[in-house]
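K.L.:
Quick check, what structure comes out for this input:
(one chain, ligands or ions: 1)
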Amino acid sequence: MSWGRHIAPGQDNRKLPEVQVVISPLHPTRNSPCLAVLQALEDGLKRADADPSVKAVTICGENGKFSAGADIRGFSSPNKQGLGLGPIVSLIERSEKPVVAAIEGIALGGGLEVTLGCHYRIAHVQARMGLPEVTIGLLPGAEGTQRLPRLIGVPAALDIITTGRHISASEALKLGLVDEVVEENTVEAAIRLANRLIGQPLGHRRLSLKPVPKLPNMEAFLTEALVKVKKRAQGCLAPELCFQAIKAATEQPFADGVRKERELFNILLTSGQAKALQYAFFAERAVEKWTTPSGASWKTASPQPIRKAAVIGLGTMGRGIVTSLVKAKIPVVALEQDLEYLNTGRKAVMLLLEREAMKMEQGGQTLDFNNPARLQFAVDFDVLRDVDLVIEAVFENMALKKEIFNKLSRICKPEAFLCTNTSALNIDEIASVTSRPQQVIGTHFFSPAHVMRLLEIIYGRHTSPTTIATAMQLAKVMKKVGVVVGNCFGFVGNRMMFPYVQQAVFLLEEGSRPEDVDQVLEDFGFKIGPFRMSDLAGLDVGWRSRKDQGLTGPTLAPGTSARQRHGYRYSPLPDLLCEKGRFGQKTGKGWYQYEKAGGRTAKPDPWIHSFLSEYRDTHQIKTRFIDQEEILERCLFTLINEGFDILAEGIASGPEHLDVVYINGYGWPKHRGGPMFYASTVGLPNILAKLQKYSEIHPDVPQLRPSAFLKKLVAMGNPPLNDWMSYLHRQSNKL
Ligand SMILES: CC(C)(COP(=O)(O)OP(=O)(O)OC[C@H]1O[C@@H](n2cnc3c(N)ncnc32)[C@H](O)[C@@H]1OP(=O)(O)O)[C@@H](O)C(=O)NCCC(=O)NCCSC(=O)C[C@@H](O)CCCCCCCCCCCCC(=O)O
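P.N.:
This next block holds a predicted model:
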């Protein structure tokens with residue numbers, strides 16, 4: 001990434017001799033090139049220092065990018081690269097010759113820390129900077145936690161380091177992180193500045209020699225800041241240790257602060273959380289390289305351009321999808337069944353867009369949505385004749401979806417793609433009513449659709465590779481993480497969620513309260529537990545689906561046992577709540593009580609407690625105390641177990657897919673790496689043993705029976721997660 005130029009005074013810059021030193025390329029290879037890169041930087045600096053004809057130095061990047069920081073893969077290799085970066089930053093700072101950083105593209109992590117050693121920093125107007133180490137479970141370990149607060153003050157440094165957010169060049173200029181922002185050639189501007197600096201004193205530009213700017217109320221500020229950092233961290237260690245490192249900068253001399261930074265860095269480096277977060281970083285990138293069992297792949301399929309899209313249905317999901325498309329600058333037609341629904345939907349969309357525009361303005365961006373060429377509302381399907389892609393987001397009802405797809409198939413131009421935002425329904429059945437099943441695909445958004453990053457992309461039997469590639473490209477443009485999965489009931493996310501929620505409800509039957517179960521899962525790191533989640537989503541959603549499946553409601557055969565379906569255990573508890581009109585937040589009552597219909601503050605409800613107690617009496621269930629371990633294991637291990645079945649069936653092409661789905665769509669704590677990564681850290685033999693134990697106690701719950709694939713992996717010696725898929729079709733003589 002970085003190059004150095006040695007400047008001799010009075011020479012034409014373009015004719016200057018150049019010494020090039022690369023620190024960390026954007027696509028680092030695995031065999032620790034960074035050691036060589038660091039060595040080259042150090043050698044270059046030393047040569048510049050020793051050469052009397054060199055009067056100043058600029059450090060810049062290769063191919064218009066300063067640096068993405070240290071090679072993340074290197075942190076899990078025994079020969080940890082990048083560890084020597086701090087001393088090199090100090091070496092830069094100590095240089096008697098002025099050193100100017102020319103920041104183009106990105107300067108992240110160790111890359112930005114290198115610039116903090118430089119005496120001056122010039123950034124291109126489009127450059128982005130940041131210290132994202134916290135997002136991969138680390139802290140800036142090349143003295144950045146000590147230099148940044150000295151440069152921009154504690155509040156701004158805390159914000160940048162504990163959130164890991166990227167900042168624009170203009171924000172960097174306002175904060176004093178860079179000295180100048182240029183629109184022209186940054187390297188040439190840096191060389192010009194370096195020339196002007198020759199012979200000028202540098203002492204005041206060496207950040208390690210500067211004091212941390214004082215605040216009138218530093219102690220109170222830090223106390224309050226720590227509370228905020230911890231609250232946001234939700235169990236993740238790195239933000240708090242970032243905070244500790246910055247606090248050290250306010251209390252100790254530079255050298256002691258650096259020692260503290262190293263100590264804290266080492267704690268994080270060896271923590272399981274850093275490993276999990278780094279796995280999640282690469283998993284998110286791995287799922288971009290999609291493949292299907294039939295051999296279709298990102299390598300050979302090309303997306304088609306989407307110049308205009310349409311969304312059918314302006315309920316909660318449709319509104320969020322329209323907002324996402326407008327934000328992605330894709331012209332969109334929003335369609336509703338009649339004027340009344342259209343007007344309600346239009347108002348809601350405009351409100352969402354206004355809020356988004358306000359948020360974007362704070363970041364210096366604009367959102368143009370009042371232009372009819374960008375956003376159009378309609379009730380007539382005829383307006384869909386020229387769109388390239390339609391996303392249907394109506395009610396979750398197969399008959400209705402089929403009616404719409406049949407109509408779309410007749411009205412839309414032949415090359416248009418038809419997407420359905422279903423959370424569980426069969427894509428092939430929906431596609432069967434069209435004349436173009438190869439262009440039909442599931443695009444499962446998560447609520448609120450303009451906020452949640454996940455887009456589950458479900459290919460059917462006839463879906464073409466071009467259609468998959470187009471949906472993936474759409475996800476990218478909408479700044480979402482697209483995960484390609486196969487077609488089965490509930491796809492990946494909801495299919496794994498069913499046994500998890502089912503166990504949570506069974507635990508209530510046996511003696512837990514909703515708040516007990518939620519607490520255990522929230523302590524584990526979920527943003528909200530299963531009951532708070534059901535209340536938020538609406539209990540009526542699952543009720544409708546169970547009625548459609550004939551599990552409850554008028555189609556249920558008379559004489560069916562209350563707690564059994566098809567010979568297996570069934571809990572009617574959620575149905576009973578719905579029969580009492582308790583749909584969750586929307587009705588002000590569900591598994592919890594709320595201050596009003598639509599209220600958001602869940603309070604444990606004594607009514608639920610006595611209802612559960614009566615229910616247990618009616619069904620002669622002996623109430624027992626259920627400990628946290630059992631709650632966690634039964635909920636999580638059944639979810640993971642389903643994940644192994646999904647992998648074995650080829651519904652997802654690797655465990656990373658399941659993990660990316662869970663982290664981005666279901667609030668799984670990222671610092672635990674996703675359910676399948678978590679399973680690998682618990683150890684597959686442990687998971688198998690626990691499932692076997694619970695399955696023996698509850699033989700009428702098939703979801704507790706260990707998946708054959710899990711058993712196979714255990715029999716194969718518990719291989720590392722990266723190797724799981726290679727065992728899928730291998731014979732095991734231990735089975
Ligand atoms: C850079 C991005 C913003 C680019 O995004 P974009 O969407 O354009 O592209 P992709 O994300 O798809 O990336 C393309 C490609 O590149 C790979 N990649 C990108 N960045 C890295 C990276 N930093 N390392 C490895 N690989 C990277 C990516 O995987 C893609 O690869 P593919 O094969 O899929 O094509 C975006 O990529 C991004 O955000 N990147 C991450 C940026 C980041 O997090 N940087 C921080 C890195 S950590 C760091 O810099 C640490 C420093 O603070 C230095 C630490 C020094 C340590 C000193 C410790 C002293 C303590 C001593 C302890 C003693 C130890 C003992 O005792 O043992």
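
K.L.:
Tell me the residues of the stretch 151-300 of the chain that contact the ligand?
P.N.:
For the stretch 151-300 of the chain, the residues in contact with the ligand (Cβ under 6 Å from any ligand atom) are 262, 265-266, 282, 285. The C-beta positions use only the backbone N, C-alpha and C, and glycine is treated the same way.

K.L.:
Tell me which of those fall in helices.
P.N.:
Among those, the ones falling in helices (DSSP state H) are 262, 265-266, 282, 285.

K.L.:
In CSV, list the residues you listed along with neighbour count.
P.N.:
As requested, those are exported to CSV (neighbours: other Cβ atoms under 10 Å):
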residue, neighbour count
Arg262, 17
Phe265, 22
Asn266, 12
Phe282, 13
Arg285, 11
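
K.L.:
picking that back up, what's the most distant pair in the residues of the stretch 151-300 of the chain next to the ligand?
P.N.:
Arg262 and Arg285 (28.9 Å; Cβ to Cβ).

K.L.:
What residue in the stretch 601-735 of the chain comes nearest to the ligand?
P.N.:
Glu656 (11.6 Å; Cβ to the nearest ligand atom).

K.L.:
Check the burial of the residue lying closest to Arg563 once chain neighbours are set aside by counting its neighbours.
P.N.:
Leaving out its chain neighbours, the residue that sits closest to Arg563 by Cβ to Cβ, 6 or more residues apart in numbering is Tyr570, at 5.8 Å. Per other Cβ atoms under 10 Å, the neighbour tally for Tyr570 reads 22.

K.L.:
Nearest to Arg616 among the ones in helices among the residues of the stretch 151-300 of the chain next to the ligand?
P.N.:
Top of the list for closeness to Arg616, among those and by Cβ to Cβ, is Phe282 at 46.7 Å.

K.L.:
quick one: contacts for that closest one?
P.N.:
72-73, 656 (Cβ atoms under 8 Å, 6 or more residues apart in numbering).

K.L.:
ok, and the most crowded of those residues?
P.N.:
Those, ranked by neighbours (other Cβ under 10 Å): first place Glu656, 25 neighbours.

K.L.:
Any idea how far the one helix or strand that residue maps to is from the middle of the chain?
P.N.:
Assessed by DSSP states H and E, Glu656 sits inside helix 655-665. Helix 655-665 sits 9 Å away from the centroid of its parent chain (Cα atoms, centre = their mean, to the nearest Å).

K.L.:
and if you look at stretch 226-242?
P.N.:
Distance, centroid of stretch 226-242 to centroid of chain: 18 Å (Cα atoms, centre = their mean).

K.L.:
Skip ahead from the helix holding Glu656 and say which helix or strand is next.
P.N.:
For helix 655-665, the following helix or strand on the C-terminal side (DSSP H and E) is helix 675-682.

K.L.:
re the thing from before, the residue of the stretch 601-735 of the chain closest to the ligand and Gly74: what is the separation?
P.N.:
20 Å (Cβ to Cβ, to the nearest Å).

K.L.:
for Lys547, same thing?
P.N.:
54 Å.

K.L.:
out of the two, which sits in the busier spot?
P.N.:
Neighbours per residue (other Cβ under 10 Å) separate Lys547 from Gly74, with Gly74 holding more: 20 against 17.

K.L.:
Distance check, the more buried one against Gly141.
P.N.:
With distances taken as Cβ to Cβ, Gly74 is found 12 Å from Gly141.

K.L.:
before we move on, what about Ser534?
P.N.:
Going from Ser534 to Gly141 by Cβ to Cβ gives 42 Å.

K.L.:
helix/strand/coil for Glu633?
P.N.:
Look at Glu633: counting by DSSP: H, G, I helix; E, B strand; the rest coil, its state is helix.

K.L.:
quick one: contacts for it?
P.N.:
Glu633 sits in contact with 690, 694, where contact means Cβ under 8 Å, 6+ apart.

K.L.:
Ala416 too?
P.N.:
384, 387-390, 408, 439.

K.L.:
Report pLDDT for it.
P.N.:
Per-residue confidence (pLDDT) for Ala416: 98.

K.L.:
Ramachandran coordinates for it?
P.N.:
Main-chain dihedrals, Ala416, degrees, to the nearest 10: phi -70, psi 150.

K.L.:
hmm, back to that, I'd say the residue nearest to Arg563 and Leu551 touch.
P.N.:
Yes. Using Cβ atoms under 8 Å, Tyr570 is in contact with Leu551, at 7.0 Å.

K.L.:
What is the end-to-end distance of stretch 93-101?
P.N.:
Length of stretch 93-101, first residue to last, Cα to Cα, to the nearest Å: 11 Å.

K.L.:
Appreciated, that's everything.
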